[in-house]
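Enquirer: Predicted model and sequence below, questions to follow.
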Amino acid sequence: MKKLLIVSHALELGGAESSLIGYLHTLAKAEDVETELFLYRHKGELMKYIPEGIKLLPEKQQYSCLAVPLKNVVKRGRFAIALGRAYGKYKSNRYMKKNGLIGKKSGVALEYSHKYTKAFMPEISDTEYDLAISFLTPHYYVVNKVKAKKKVAYIHTDYAYISVDRESELKMWSAYDCIAAVSEAVMNSFVKLFPELKEKTAVIENINSTELIARRAVEFVPKEEMAGNFVKILSVGRFCDAKNFESIPCKAALLKDKGLDFKWYIIGFGDDKHIRTAIKETGTENEVVVLGKKANPYPYIKYCDIYAQPSRYEGKAVTVLEAQIIGKPVIITNYATASSQLKDGYDGIIAPMDNDAFCDKLYDLAVNKEKQTSLIRNCKNSDYSNKDEIKKLLQLLQLFKGGNDNEA
């Protein structure tokens, strides 16, 4: 029996978190693997979907101090962690200012927060594992606070679009036996920045629990929220720069000018101020509907006509895969990793980033029922579970010899 530990932040709504649930459901069925899960915070809408057979380790207060305001950390009496986080923030601000990164998409602050608090964190477990997986960056704690024969760290982000402290991250990543990228494009952008790590980097894609997604998609029917006889377009994701949801009202205005009868629904969470401002500026109050955060977005995906992902960049968008699993026509922007997301014209459409060109493609798809039927048929005939990626991970680890005595 192999002992496996997976470490992640929490199970709030998100693509990587949904993928983690897919991993857990696949591992729960494995006869020769005993899987334990450690979360920094026992929090999130997806907590209830941790399957039987997966042992959830107790929460440790020191780790739960990572994503709360510093004043609350002090109130809890965790002064060393508060000091480490404050010092990490100070150092990251200095680094970003020195390198002209202020106002740019950066991973420095989060990396430094973990880097300068690792010394104050307890061991995650007394058990020695055959394999330990750090599922979300930063990846300091699995290296320093877990005993395991092999250690793997995951990349979910396209490194071409974020700024990092390369030398600091190089040391962090180098401490692992294997670095798993969720797509070939993600791996290529990572290796371009860290060519020294090419030999230990491999593609191990997200795992999707198709059975769970299908079951959740029929929990209810959102007839009232999406009522009406018109084309229903849907986008799901965090309200952040990467998802580019603030461009949806402009796209909607263009579709409106083309005479399309539609509503474009947005499900997600975060600061939606820019989206709502754009809705007012474009006069698309009747066409764009911000539904907000939904614990279960799958019935909305099932009820829509077209799933649209207007992202600026992605690692591999889990929501797109989920829409394909449910059997929906999808259209995505031509972000750098788009070609690894779907086969253009077969199980989805890749459209230019430009608003006008994107809307030309979206309009053509909306009025072409034959094309929609073709995309739906091809999605239903495809397997998006990637369940064999677990085997790839275990097989890959057999290529390495010895333990892991590195420290980041």
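Expert: Now that the structure is in, tell me what you want to look at.

Enquirer: Let me see the contact set for the closest residue to Asp241 other than its chain neighbours.
Expert: Nearest residue to Asp241, sequence neighbours excluded (CB to CB, 6 or more residues apart in numbering): Lys105, at 6.1 Å. Heads up, the C-betas are built off the backbone N, CA and C, glycines and all. The neighbours of Lys105, taking CB atoms under 8 Å, 6 or more residues apart in numbering as the test, are 161-163, 241-242.

Enquirer: What average pLDDT does stretch 377-386 get?
Expert: Per-residue pLDDT over stretch 377-386 has a mean of 90.

Enquirer: next one: that stretch to chain centre, how far?
Expert: Here the centre of stretch 377-386 is set off from its chain's centre by 20 Å, with CA atoms, centre = their mean, to the nearest Å.

Enquirer: just the CA coordinates of that stretch, formatted as PDB?
Expert: Output of stretch 377-386 as PDB, limited to C-alpha atoms (Å, rounded to 0.1, in the frame of the first residue of the first chain):
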ATOM      1  CA  ARG A 377     -21.700  15.500 -30.600                       C
ATOM      2  CA  ASN A 378     -17.900  15.600 -30.600                       C
ATOM      3  CA  CYS A 379     -17.700  16.600 -26.900                       C
ATOM      4  CA  LYS A 380     -20.000  13.700 -25.900                       C
ATOM      5  CA  ASN A 381     -17.800  11.300 -27.900                       C
ATOM      6  CA  SER A 382     -14.600  12.600 -26.100                       C
ATOM      7  CA  ASP A 383     -13.200  11.500 -22.700                       C
ATOM      8  CA  TYR A 384     -12.200  14.600 -20.700                       C
ATOM      9  CA  SER A 385     -11.700  12.700 -17.400                       C
ATOM     10  CA  ASN A 386      -7.900  12.300 -17.800                       C
END
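
Enquirer: and Ser114, that's in a strand?
Expert: One thing to correct before we go on: residue 114 is His, not Ser. No - with DSSP: H, G, I helix; E, B strand; the rest coil as the criterion, His114 is assigned helix and is not in a strand.

Enquirer: doesn't Pro138 make contact with it?
Expert: Yes - assessed by CB atoms under 8 Å, His114 is found in contact with Pro138 at 4.0 Å.

Enquirer: sorry, back to before: narrow the contacts of Lys105 to those in helices?
Expert: With helices defined by DSSP state H, no entry of the contacts of Lys105 lies inside them.

Enquirer: mind listing the strands for the stretch 251-400 of the chain?
Expert: 262-267, 288-292, 306-309, 330-333, 349-351 (DSSP state E, counting those that start in this stretch).

Enquirer: how about the contacts of Lys105, which pair is most distant?
Expert: The largest separation in the contacts of Lys105, counting by CB to CB, is between Ser163 and Ala242 at 13.7 Å.

Enquirer: Of those two, which one has the most company?
Expert: Ala242 (19 against 16; other CB atoms under 10 Å).

Enquirer: if I pick the more buried one, what's in contact with it?
Expert: Going by CB under 8 Å, 6+ apart, Ala242 touches 105, 161, 311-314.

Enquirer: Which members of the residues you listed come out as buried by neighbour count?
Expert: Buried subset of these (neighbour count, 16 or more other CB atoms under 10 Å): 161, 311-314.

Enquirer: from those, which is closest to Ala408?
Expert: Tyr161 (23.4 Å).

Enquirer: ok, and the closest non-adjacent residue to that closest one?
Expert: For Tyr161, the closest residue by CB to CB, 6+ apart turns out to be Tyr313, at 4.1 Å.

Enquirer: Run a quick check on Asp241 versus Arg312, I expect a contact.
Expert: Yes - counting by CB under 8 Å, Asp241 does reach Arg312; the two are 6.6 Å apart.

Enquirer: returning to what we had before: got the strands of the stretch 251-400 of the chain as a markdown table, with distance to Pro122, mean pLDDT and mean neighbour count columns?
Expert: A markdown table is the format used below for the strands of the stretch 251-400 of the chain (distance: least, CB to CB, whole Å; pLDDT from 0 to 100; neighbours: other CB atoms under 10 Å):
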| stretch | distance to Pro122 | mean pLDDT | mean neighbour count |
| --- | --- | --- | --- |
| strand 262-267 | 37 | 97 | 22 |
| strand 288-292 | 37 | 95 | 18 |
| strand 306-309 | 40 | 97 | 25 |
| strand 330-333 | 42 | 97 | 24 |
| strand 349-351 | 47 | 97 | 21 |
